[in-house]
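1. take a look and give me a structure for this.
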Amino acid sequence: MVRDSIIQEFTVSYRYPVHFTTGLFAETNRLLADFFASQAAEATPKVLVVIDEGVLAAHTQLKENIQAYFSGMPTVSLVGEQVVVPGGEACKNDYAVVDRIIEAVDRYGIDRHSYVIAVGGGAVLDAVGYAATISHRGIRHIRIPTTVLSQNDSGIGVKNSINYQGKKNFIGTFSPPFAVFNDYGLLQTLTSRAWLSGISEAVKVALIKDRTFFEWIAEHATALHQREPEASKYMIFRCAELHLQHIGGADPFETGSSRPLDFGHWSAHKLEQLSGFEVLHGEAVAIGIALDSMYSYLTGLLSLDDANRIVDVLQQVGLPVFHPLIDGEEGSSPLLVGLEEFREHLGGRLTIMLLEEIGKGVEVHHMDHELVLKAVALLQERVGVHS
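-> Got it, this is the predicted structure:
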């Protein structure tokens, strides 16, 4: 008897380290060199480095430091060119950036057992990771995040993406990095906006997973705003730790529609697009957190005291909680269009993370449009911004 189907099933295990250090490319820092030495290889693997041009402008000796660091390393071979790409959303909005990286992979013979290293902010890590993943069906990619946001969130996860037709992260892959190296020294040249932007993801993960961490952020809001080193290092480490704990859970590749780590993000993605990406991702997330906290209050899930406290802490850290672009009436609100786009991005079923208390999230599958706009009005009134 001939059967009419075969069921295939297998499991793939992933394991990658996330290191924290200062002065990664200093001659005396052996962390990266020891990492490469620990990787068994039949031949000497090649290394292609891609650098965010904004990082290079701030760290003018970076290319020379990288060249010098690899020159004495017998376990890998740095190829002749370090590719420099635009930073920020510009690199995700232009597919030519991906093409440049793939062309360099081809030109230098970067194979599946070689490495592509991305040095930059979250957008550059996204674009480089995507290019590495689709080249040869997957080249080992190593991330060296250079912003607070990418060191504590986007740079340590399993997603890579670029934008399409103005839609955030429309094209992308799930492909874990081979390793991540967080260099605290690379954060020191960040602008105040870029620095504060990354704190929003720490507030986000604390609100849905760890009340104790939220209380710590509230207690250290001034220190974080002023970039006090010890507080900043702990914030980055604990935020990264909570994100990694979640990613390593039941659904790392988001096969379902549940995305609790996207708390505050449905409106943030739309705000970024509406602003032409002038509003930074972390700023948009802070506004999204404030909006969904107020919405949680209006639906009876969260107390008004907790909702107000969340908004207070965001403002104390130095993050925005409102932007005029999210304003509008139901028939003409771009924010509500963004809600439908987010549903589509999830795969058909709307799943939004809200709060029933600080440190405890709850998922809902419907958002009342009238209450969304009322939450916008509450925030607008709070900050005294007029359309």
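
2. which residues does residue 58 contact?
-> Residue 58 sits next to residue 189 when contact means Cβ atoms under 8 Å, 6 or more residues apart in numbering. C-beta here means a position set from N, CA and C on the backbone, and glycine is covered the same way.

3. quick one: pLDDT of it?
-> Residue-level confidence at residue 58 comes out at 96, pLDDT.

4. residue 384 too?
-> 79.

5. got the contact list for it?
-> Applying Cβ under 8 Å, 6+ apart to residue 384 gives no contacts.

6. quick check: it vs residue 42, distance?
-> For residue 384, the distance to residue 42 equals 65 Å [Cβ to Cβ, to the nearest Å].

7. same thing with residue 312?
-> From residue 312 to residue 42 the distance is 58 Å (Cβ to Cβ).

8. more crowded one of the two?
-> Neighbours were tallied for residue 312 and for residue 42 using other Cβ atoms under 10 Å; the higher tally belongs to residue 312 (14 against 6).

9. what helix or strand is that one on?
-> Assessed by DSSP states H and E, residue 312 sits inside helix 304-317.

10. looking at this, residue 285 is in a strand?
-> No: under the criterion used here (DSSP: H, G, I helix; E, B strand; the rest coil), residue 285 is helix, not part of a strand.

11. the nearest residue to residue 301 once chain neighbours are set aside and residue 33, how far apart?
-> Distance criterion Cβ to Cβ, 6 or more residues apart in numbering; nearest residue to residue 301, sequence neighbours excluded, is residue 356 at 4.7 Å. Residue 356 sits 48 Å away from residue 33, going by Cβ to Cβ.

12. same check, this time on residue 3
-> For residue 3, the distance to residue 33 - Cβ to Cβ - is 54 Å.

13. in the helix holding residue 312, what counts as buried?
-> 306, 307, 310, 311, 313, 314, 315, 317 (16 or more other Cβ atoms under 10 Å).

14. what bridges to residue 181?
-> residue 19 (DSSP bridges).

15. and the pLDDT at it?
-> Note for residue 181: predicted pLDDT of 98.

16. need the contact list for it.
-> Here residue 181 is in contact with 19, 21, 24, 31, 32, 35, 142, 143, 144 (criterion: Cβ under 8 Å, 6+ apart).

17. what sits closest to the second one if chain neighbours are left out?
-> Sequence neighbours aside, residue 31 is the residue nearest to residue 21 in space, at 5.2 Å (criterion: Cβ to Cβ, 6+ apart).

18. the one you found contacts residue 22, doesn't it?
-> No: assessed by Cβ atoms under 8 Å, residue 31 is found out of contact with residue 22, at 10.1 Å.

19. tell me how many other residues crowd the closest residue to residue 183 other than its chain neighbours.
-> Of all residues not flanking residue 183 in the chain, residue 24 sits nearest, at 4.2 Å (Cβ to Cβ, 6+ apart). Neighbours of residue 24 under the rule other Cβ under 10 Å: 20.

20. surely residue 24 is in contact with residue 30?
-> No: judged on Cβ under 8 Å, residue 24 makes no contact with residue 30 at a distance of 10.4 Å.

21. what pLDDT, on average, does stretch 244-251 get?
-> 82.

22. which elements pack onto the helix or strand of the chain with the lowest mean pLDDT?
-> Ranking every helix and strand in the chain by mean pLDDT, DSSP states H and E puts helix 334-346 at the bottom, with a mean of 80. The contact analysis (3 or more Cβ pairs under 8 Å, 6 or more residues apart in numbering; DSSP states H and E) places helix 334-346 against strand 167-174, helix 265-274, helix 369-383.

23. pull out the buried positions in the last one.
-> By neighbour count on 16+ other Cβ under 10 Å, the buried set for helix 369-383 is 372, 373, 375, 376, 378, 379, 380, 382.

24. and for the second one?
-> Neighbour-count burial for helix 265-274, with 16+ other Cβ under 10 Å as criterion, is recorded at 265, 266, 267, 268, 269, 270, 271, 272, 273, 274.

25. and these, which two are the farthest apart?
-> 265 and 274 (14.5 Å; Cβ to Cβ).

26. next, the distance between the ends of stretch 57-74.
-> 29 Å (Cα to Cα, to the nearest Å).

27. break this protein into its domains for me.
-> 18-187, 192-383 (automatic domain parsing).

28. rank these by mean pLDDT and give me the bottom one.
-> domain 192-383 (a mean of 91).

29. tally up the residues packed near the nearest residue to residue 353 once chain neighbours are set aside, please.
-> The shortest distance from residue 353 to any non-neighbouring residue, by Cβ to Cβ, 6+ apart, is to residue 263 (4.1 Å). Using other Cβ under 10 Å, residue 263 is surrounded by 26 other residues.

30. look up how far residue 190 lies from residue 183.
-> 12 Å.

31. which non-adjacent residue is nearest the most centrally placed residue in the chain?
-> Centroid-nearest residue in the chain, with Cα atoms, centre = their mean: residue 154, separated by 2.2 Å. Leaving out its chain neighbours, the residue that sits closest to residue 154 by Cβ to Cβ, 6+ apart is residue 122, at 3.8 Å.

32. all helices of the stretch 101-250 of the chain, in order?
-> 122-134, 148-152, 192-209, 211-219, 221-225, 229-247 (DSSP state H, counting those that start in this stretch).

33. hmm, who's touching the first one?
-> Among residues not part of helix 122-134, those counted as contacts by Cβ under 8 Å, 6+ apart are 50, 52, 85, 87-92, 97-98, 101-102, 105, 116, 118, 120, 138-141, 143, 145, 147, 149-150, 153-155, 159-162, 169, 171-173, 175, 177, 281.

34. and those, which of them are buried?
-> Buried among those by 16+ other Cβ under 10 Å: 50, 52, 85, 87-92, 97-98, 101-102, 105, 116, 118, 120, 139-141, 143, 145, 147, 149-150, 153-155, 159-162, 169, 171-173, 175, 177, 281.

35. from those residues, which ones fall inside strands?
-> 50, 52, 85, 116, 118, 120, 140-141, 143, 145, 159-162, 169, 171-173 (DSSP state E).

36. isn't residue 84 right up against residue 51?
-> Yes: with contact defined as Cβ under 8 Å, residue 84 counts as touching residue 51 (5.2 Å).
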